[in-house]
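*Asks:* Let me see the structure of the following:
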Amino acid sequence: VLDIYNNNLTGPLPAEVSELPNLRHLHLGGNFFTGVIPPVFGRWEFLEYLAVSGNELGGPIPPGLGNLTRLRQLYLGYFNNFEGGIPPEIGGLSELVRLDMANCGLTGEIPPELSNLQNLDTLFLQVNGLSGSLPVVLGRLRSLKSMDLSNNALTGEIPSSFADLQNLTLISLSNNRLSGPLPPSIGNLTGLQKLLLNQNQFSGRIPPEIGRLQQLSRWISAAIGFPAR
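*Replies:* Numbers count the residues shown, from 1 in each chain. Got it, this is the predicted structure:
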């Protein structure tokens with residue numbers, strides 16, 4: 001374990017830590033590191049936890065991170081400003097449980113390869129510049145409990161495949177450019193506690209199937225611009 005979270009460290013990320021072959025936990029977040037994520041960070045055989053969030057990093061996210069096949073938690077977001085999008089190789093992290101890439105300058109589309117993360121329970125991609133439609137194949141993430149894709153530039157409709165995400169308790173799609181009707185299949189997500197769809201371009205009526213969501217902490221109409229009761 002190497003944890004130097006929340007200090008005032010500066011300069012580039014130390015590539016030398018890649019020479020620690022048995023490292024399982026590396027937390028470099030909450031500092032003032034600059035530059036890029038060293039490509040050698042993709043060489044650890046046993047790493048399960050990697051956090052470089054809350055720094056001032058840039059450049060592209062190295063595709064080699066997809067080689068960290070034992071990784072369970074990956075935190076890259078907050079105050080970093082990466083160039084480009086999410087490497088599709090991230091979809092190769094078959095053991096990943098938490099993926100947090102929020103607020104770090106991402107652009108491009110959400111790669112469909114993320115649907116391979118069958119153990120994922122948390123997907124945070126909010127506050128980026130992601131565009132394109134919501135990948136239908138994200139409906140394969142059956143372990144997912146929290147998904148926040150808010151504050152991007154996503155377009156199109158909510159895929160009906162999202163009804164297969166039976167373990168979801170939080171879904172936030174607010175502040176995008178989504179449109180079309182709300183799918184009645186949302187009513188199948190009976191464990192939902194928060195459903196946030198505000199600041200989009202949805203049309204039509206609220207489907208009556210919303211009434212099945214007995215765990216919601218507030219009525220869905222409050223989240224899409226209609227007055228709550």
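*Asks:* Show me where the protein dips below the pLDDT cut-off.
*Replies:* 218-229 (pLDDT under 70).
*Asks:* What's opposite the residue positioned nearest the centre of the chain in the beta bridge?
*Replies:* Centroid-nearest residue in the chain, with Cα atoms, centre = their mean: residue 124, separated by 2.6 Å. Under the criterion DSSP bridges, residue 124 forms beta bridges with residue 100, residue 148.
*Asks:* Pretty sure it sits against residue 104.
*Replies:* No: at 10.4 Å, residue 124 does not count as touching residue 104 under the criterion of Cβ atoms under 8 Å. Every C-beta, even on glycine, is put in place using the N, C-alpha and C of the backbone.
*Asks:* For those two, list the residues in contact with both.
*Replies:* Common neighbours of residue 124 and residue 104, counting by Cβ atoms under 8 Å, 6 or more residues apart in numbering, are residue 77.
*Asks:* For residue 91, see how far away the nearest residue to residue 118 once chain neighbours are set aside is.
*Replies:* Ranked by Cβ to Cβ, 6 or more residues apart in numbering and with sequence neighbours excluded, the top spatial neighbour of residue 118 is residue 143, at 6.5 Å. Distance of residue 143 to residue 91, computed by Cβ to Cβ, to the nearest Å: 15 Å.
*Asks:* Same check on residue 215?
*Replies:* Counting by Cβ to Cβ - residue 215 and residue 91 are separated by 30 Å.
*Asks:* again, but for residue 149
*Replies:* Distance from residue 149 to residue 91, by Cβ to Cβ: 16 Å.
*Asks:* neighbour-wise, which of these two wins?
*Replies:* residue 149 (23 against 17; other Cβ atoms under 10 Å).
*Asks:* That concludes my questions; thank you for your assistance.
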